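Chemist: Need coordinates for the below:
(one chain, ligands or ions: 1)
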Amino acid sequence: MKMFDTGDVRLHYRIDGPDDGPTVVFANSLGTDMRLWDPILPMLPAGLRLIRYDKRGHGLSSCPDGPYSMGALVTDVERLLDHLGVKDCVFVGLSIGGMIAQGLAVKRLDLMRAMVLSNTAAKIGTPAMWDDRIAAVKAGGVEALADAVMERWFSAGFRKTPELELWRNMLVRGEDAGYAGCSAAISGTDFYSPTASLRLPTLGIAGAEDGSTPPDLVRETTDLIPGSKFHLIRKAGHLPCVEQPVEYAAVLSDFLKGVGHV
Ligand SMILES: O=C(O)CCC(=O)CC(=O)O
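Modeler: The predicted structure is shown next:
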């Protein structure tokens with residue numbers, strides 16, 4: 001467990017693997033922390049330097065007053081990667097983490113060899129939808145949204161398993177202000193034009209039962225980048241790294257090999 005003060009926020013991060021290994025950076029979704037990646041990391045090729053962090057308002061990172069902007073979320077990870085001397089990483093972002101990936105690629109392509117846009121899009125939802133969600137969190141906390149979020153995050157099959165409770169706990173025990181702050185950042189983001197200008201190896205991953213970023217939406221964003229690849233994971237919702245970790249790790253490992261990272 002490590003902490004880095006960017007000047008604006010204290011970010012909790014963790015590094016697994018050798019200091020000199022090819023670097024893979026993971027950015028997680030709204031309402032989750034870095035444990036989102038626990039199911040897949042043991043299945044990735046040995047020798048990688050795996051960097052995870054909790055974005056502002058999430059996990060063990062500090063929770064500045066909101067609302068947040070996408071620019072601030074991108075700058076947070078940019079400063080962390082500069083602090084760690086990262087260059088040439090593969091950046092894996094899920095949902096809002098995938099928006100951060102797009103923003104970072106536009107701003108600092110020198111940091112990235114390739115990116116994975118998992119269960120994400122250039123634009124997610126509408127400002128009115130996010131306003132309603134932020135108002136609901138302010139009135140009743142994230143708990144007020146939790147049952148609906150579970151329906152979007154997980155397939156019907158997974159929602160019947162005892163493991164669901166763990167992920168629901170992660171969501172509702174997070175900071176309400178962090179959830180609302182990051183919701184505002186998503187609301188204000190439309191990356192269609194900047195993402196279409198990107199030229200780097202990109203893999204899109206979607207879950208067939210994703211109620212937040214359905215496969216067509218993920219594909220539309222991935223297709224903005226010429227030469228990108230796309231993979232659909234069946235029997236999974238918004239968090240396929242949780243529901244189908246073996247397939248997710250295999251697809252990611254193949255991509256890492258394809259871009260010469262292993
Ligand atoms: O998961 C994210 O980062 C944003 C997309 C979303 O709204 C997830 C959800 O449906 O709760």
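Chemist: Which strand or helix spans residue 13?
Modeler: Here residue 13, judged by DSSP states H and E, is contained in strand 10-16.
Chemist: what's next to that strand, contact-wise?
Modeler: 1-5, 34, 41, 49-56, 59-62, 76, 80, 84 (CB atoms under 8 Å, 6 or more residues apart in numbering). In this view, the C-beta of every residue, glycine as well, is placed from N, C-alpha and C.
Chemist: mind listing what's buried in it?
Modeler: By neighbour count on 16 or more other CB atoms under 10 Å, the buried set for strand 10-16 is 10, 11, 12, 13, 14.
Chemist: Check whether the following helix or strand past that strand comes near the ligand.
Modeler: Downstream of strand 10-16, the first helix or strand assigned by DSSP H and E is strand 23-27. No - Strand 23-27 is not in contact with the ligand by CB under 6 Å from any ligand atom; minimum separation 9.5 Å.
Chemist: What of stretch 139-153?
Modeler: Yes - judged by CB under 6 Å from any ligand atom, stretch 139-153 and the ligand are in contact via 149, 152.
Chemist: Please apply the same query to stretch 204-221.
Modeler: Yes - applying CB under 6 Å from any ligand atom, one finds that stretch 204-221 is in contact with the ligand at residue 212.
Chemist: Next, the distance between the ends of that stretch.
Modeler: 8 Å (CA to CA, to the nearest Å).
Chemist: Disregarding residues adjacent in the polypeptide, which is nearest to residue 122?
Modeler: Nearest non-adjacent residue to residue 122, counting by CB to CB, 6 or more residues apart in numbering: residue 191, 4.0 Å away.
Chemist: And the pLDDT at the one you found?
Modeler: Reported pLDDT at residue 191 in the predicted model: 98.
Chemist: Quickly find the element holding residue 134.
Modeler: helix 127-140.
Chemist: Dump that helix to PDB, restricted to CA.
Modeler: Output of helix 127-140 as PDB, limited to C-alpha atoms (Å, rounded to 0.1, in the frame of the first residue of the first chain):
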ATOM      1  CA  PRO A 127     -26.300  15.100 -18.200                       C
ATOM      2  CA  ALA A 128     -29.900  14.800 -17.100                       C
ATOM      3  CA  MET A 129     -29.400  11.100 -16.100                       C
ATOM      4  CA  TRP A 130     -26.300  12.000 -14.100                       C
ATOM      5  CA  ASP A 131     -28.000  15.000 -12.500                       C
ATOM      6  CA  ASP A 132     -30.800  12.600 -11.300                       C
ATOM      7  CA  ARG A 133     -28.200  10.200  -9.900                       C
ATOM      8  CA  ILE A 134     -26.200  12.900  -8.100                       C
ATOM      9  CA  ALA A 135     -29.400  14.200  -6.600                       C
ATOM     10  CA  ALA A 136     -30.400  10.700  -5.400                       C
ATOM     11  CA  VAL A 137     -26.900  10.200  -3.800                       C
ATOM     12  CA  LYS A 138     -27.100  13.500  -2.100                       C
ATOM     13  CA  ALA A 139     -30.600  12.700  -0.700                       C
ATOM     14  CA  GLY A 140     -30.100   9.000   0.300                       C
END
